[in-house]
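Chemist: below is the structure, and that's it, no one-letter string:
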């Protein structure tokens with residue numbers, strides 16, 4: 001769970017493995033400060049998100065989130081063996097363009113909206129769980145997810161109207 005979380009943010013397996021190690025080291029070092037106000041898994045998940053975002057800030061990356069395949073719940077494409085495709089080159093190009101368009105739209109969202117949106121839509125966390133992870137209120141999470149949807153809708157409408 002920790003490795004997958006880190007990977008979704010950094011999109012690099014080696015970096016995700018390094019960050020996951022840092023997460024468990026941090027959790028071990030800070031275990032005595034764990035107040036048991038939430039589940040241990042929630043606490044560790046929060047450390048993973050924080051460490052991943054810190055890593056991204058240090059590298060000043062803009063492309064922080066997974067591709068369309070990951071957003072819709074498919075596994076890591078590197079680990080999948082795909083059967084021969086019946087798609088034409090035009091179909092492949094269209095799919096690639098859509099993925100890039102969605103990725104660009106996600107990348108243009110503020111960090112808090114992206115995080116809340118992906119935790120909700122990709123990971124399937126409830127608003128209450130997201131509020132605990134982000135140290136905010138349920139209504140703030142609802143607002144972040146709503147704004148993220150609206151912003152994505154506007155950005156994607158602009159793209160598809162041009163076509």
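Modeler: That came in fine, so what should we check first? What you are looking at is a predicted structure, and each value in this text was computed from that prediction instead of being measured.

Chemist: may I ask which helix or strand of the chain has the lowest mean pLDDT?
Modeler: The least trusted helix or strand in the chain, going by mean pLDDT, DSSP states H and E, turns out to be helix 68-71, with a mean of 44.

Chemist: how about residue 10: what's its closest non-neighbour residue?
Modeler: residue 16 (5.4 Å; Cβ to Cβ, 6 or more residues apart in numbering). The C-beta positions use only the backbone N, C-alpha and C, and glycine is treated the same way.

Chemist: contacts only, for the one you found.
Modeler: Listed by Cβ atoms under 8 Å, 6 or more residues apart in numbering, the contact partners of residue 16 are 3, 6, 7, 9, 10, 52.

Chemist: closest to residue 148 among those residues?
Modeler: Nearest to residue 148 out of the contacts of residue 16 is residue 9 (Cβ to Cβ; 15.8 Å).

Chemist: what about the closest one, neighbour count?
Modeler: Other residues lying near residue 9 total 24 when counted by other Cβ atoms under 10 Å.

Chemist: just checking, residue 22 touches residue 52?
Modeler: No. Using Cβ atoms under 8 Å, residue 22 is not in contact with residue 52, being 9.7 Å away.

Chemist: which of those two has more neighbours?
Modeler: When residue 22 and residue 52 are compared for neighbours, residue 52 comes out ahead with 25 against 17, by other Cβ under 10 Å.

Chemist: and the residue nearest to residue 10, what pLDDT?
Modeler: With respect to pLDDT, residue 16 scores 92.

Chemist: which element is it on?
Modeler: helix 13-30 (DSSP states H and E).

Chemist: one step back: please report the distance of the residue nearest to residue 10 from residue 48.
Modeler: As for residue 16, its distance to residue 48 is 10 Å (criterion: Cβ to Cβ, to the nearest Å).

Chemist: same question, residue 23
Modeler: Taken as Cβ to Cβ, the span from residue 23 to residue 48 is 5 Å.

Chemist: do the same with residue 1
Modeler: Residue 1 is 8 Å from residue 48, by Cβ to Cβ.

Chemist: what's the answer for residue 148, then?
Modeler: Remark: distance between residue 148 and residue 48 (Cβ to Cβ) = 21 Å.

Chemist: one more: residue 118?
Modeler: With Cβ to Cβ as the criterion, residue 118 and residue 48 are 13 Å apart.
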